[in-house]
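>>> just a sequence and a predicted model for now, questions to come.
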Amino acid sequence: MASNRGIIAASGIGGPRAFGHFGMGGSAGWADPDLELAMGYVMNRMSIGMTGDSRSFKLMQACFEAARG
């Protein structure tokens, strides 16, 4: 069920068991157990809001694509 997996996984990053959420200011945490891949992202300049930003989203996409091969 996508709602239990978090907004990041629900957006299509990762496989069926992937999960993750954005945090305050654009930070993010995400994992895909099937790929044995996890990542966290924090920055020294916070953005406004709690829905992440393009930097963290693009980094997660790149990690997933690299791990998937």
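Received the coordinates, thanks. Residues are numbered from 1 along each chain as shown.
>>> switch to C-alpha atoms for all contacts and neighbour counts from now on
Noted.
>>> quick one: low-confidence residue ranges for this structure.
By pLDDT under 70, the low-scoring segments of the chain are 1-5, 9, 46-53.
>>> centroid-nearest residue for it?
residue 30 (4.1 Å; Cα atoms, centre = their mean).
>>> give me the secondary structure label for it.
Here residue 30 is strand, with the state taken from DSSP: H, G, I helix; E, B strand; the rest coil.
>>> that one touches residue 39, doesn't it?
Yes - with contact defined as Cα atoms under 8 Å, residue 30 counts as touching residue 39 (5.5 Å).
>>> intersection of neighbour lists for those two?
With contacts taken as Cα atoms under 8 Å, 6 or more residues apart in numbering, the residues that reach both residue 30 and residue 39 are residue 60.
>>> centre of the chain versus the lengthiest helix in the chain, how much separation?
In the chain, with assignment by DSSP state H, the single longest helix is helix 54-68. How far helix 54-68 lies from its chain's middle: 8 Å, per Cα atoms, centre = their mean, to the nearest Å.
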